[in-house]
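**Q** Quick one: sequence plus predicted model below, questions after.
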Amino acid sequence: MEDDEDVLDLVLAYREHLRLRERVLCRQASCHPAWSLLIELLIAQLRKETLSVGTLTRAAGIRNTTALRWIDWLQGRRLIERRPDPQNRLRAFITLSAQGRKVVKAMLVDMVANFDVL
């Protein structure tokens, strides 16, 4: 990145990606926690791992109370699925739904395409 035009192209591409993420994912002031949760769930899914709520919140670096609100929000939009742990009634597992995977993949593809200016 040598000149101002390259920097401008990069920042404009990033702004477009953020706007797309807001349109697709949420219109709230900050949907960063939701995005962090979705990314961690995709990583877990690709690694064939199962995440409990506690493990997910730690992986995403989000406080439990904040994470729980966003988990409810994401579940309400059918982007994630919550299922009880058959061994422990107090614990639930969170997974990315098929729709959630499509959304995250589309956002990542868009981000990579927009950042191709590097």
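**A** Sure, I can see it. None of these values were measured; they are calculated from a predicted model.
**Q** Let me know the distance separating Ala106 from Glu5.
**A** As judged by C-beta to C-beta, to the nearest Å, Ala106 and Glu5 stand 28 Å apart. Any C-beta I mention is one placed from the backbone N, CA and C, and that applies to glycine too.
**Q** now Leu96
**A** From Leu96 to Glu5 the distance is 38 Å (C-beta to C-beta).
**Q** ok, those two, which is more surrounded?
**A** Neighbour count, other C-beta atoms under 10 Å: between Leu96 and Glu5, Leu96 has more, with 26 against 10.
**Q** Surely Leu37 touches Asp72?
**A** No: Leu37 lies out of contact with Asp72 (C-beta atoms under 8 Å); the separation is 11.2 Å.
**Q** ok, then the element right after the longest strand anywhere in the chain?
**A** Scanning the chain for the longest strand, with DSSP state E as the assignment, gives strand 88-96. Using DSSP states H and E, the helix or strand that follows strand 88-96 towards the C-terminus is helix 98-114.
**Q** Give me the buried stretch members for the one helix or strand Leu37 maps to, please.
**A** Per DSSP H and E: Leu37 is located in helix 32-46. Neighbour-count burial for helix 32-46, counted by 16 or more other C-beta atoms under 10 Å, picks out Pro33, Ala34, Trp35, Ser36, Leu37, Leu38, Ile39, Glu40, Leu41, Leu42, Ala44, Gln45.
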